[in-house]
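Student: Turn this into a structure:
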Amino acid sequence: MKKVLSPVAKLVLCAVACNAMAANGNVKFTGEIVQSTCKIVDKDQSKEVFLGKYPTTAFPTTGSASGDKVFDISLGKCDEGNYTLRFDGNTPAGHPDLLAVTGGAVGVGVEILNNKGETLPISQEVTGPAEVTVTSGGDKPGTATFNLRARYKSYQNQITAGQANSNATFTIAYK
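Tutor: Below is the predicted model:
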């Protein structure tokens with residue numbers, strides 16, 4: 001009798017254990033590959049923005065900012081649609097909206113803003129603040145410009161003087 005119960009008990013235990021560990025799900029990936037001739041205008045492929053020289057007293061408290069320096073990134077020969085701009089680079093710990101600086105200055109980073117004064121996040125998915133629409137009509141069909149500003153912004157109450165250089169790469173994406 002032991003031999004008959006043993007296989008039946010094993011079968012019941014296995015069925016219970018399998019049901020307890022089973023999990024089902026589904027992931028659906030969707031998207032589209034598009035043929036686009038959109039390109040960054042040659043003069044904007046490698047930009048240099050001079051932010052200026054500021055005394056440490058220009059940053060008396062956390063969140064103090066220097067004057068804005070205007071720059072842009074232009075697109076040409078684009079298909080009609082929406083395009084986003086993303087900046088990637090090193091950020092100071094705990095400050096994902098600033099680019100870290102090198103060269104000696106401490107407690108300050110570089111902030112990038114759109115023309116409306118909205119901060120662009122660094123190394124994060126961009127929505128809204130850095131988006132342009134390309135149309136086939138108008139004065140310059142197939143073109144668009146990201147109008148931007150950059151400035152120093154302190155993230156500590158006391159900053160240290162020194163060179164404050166930073167570098168970022170940018171990516172244009174068809175949305």
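Student: which outside residues touch stretch 114-129?
Tutor: 84-89, 91, 96-99, 111-113, 130, 146-149, 168 (Cβ atoms under 8 Å, 6 or more residues apart in numbering). For the C-beta atoms, the positions are set from N, CA and C on the backbone; glycine is no exception.
Student: Would you mark the buried spots in it?
Tutor: Of all the residues in stretch 114-129, those buried under the rule 16 or more other Cβ atoms under 10 Å are Asn114, Leu120, Pro121, Ile122, Val126, Pro129.
Student: Distance from the chain centre to that stretch, please.
Tutor: Relative to the chain's own centre, stretch 114-129 is displaced by 8 Å; criterion: Cα atoms, centre = their mean, to the nearest Å.
Student: Next, the distance between the ends of that stretch.
Tutor: End-to-end distance for stretch 114-129, by Cα to Cα, to the nearest Å: 6 Å.
Student: what's the average pLDDT for that stretch?
Tutor: For stretch 114-129, mean pLDDT is 86.
Student: And stretch 84-97, by the same measure?
Tutor: pLDDT averaged over stretch 84-97 gives 94.
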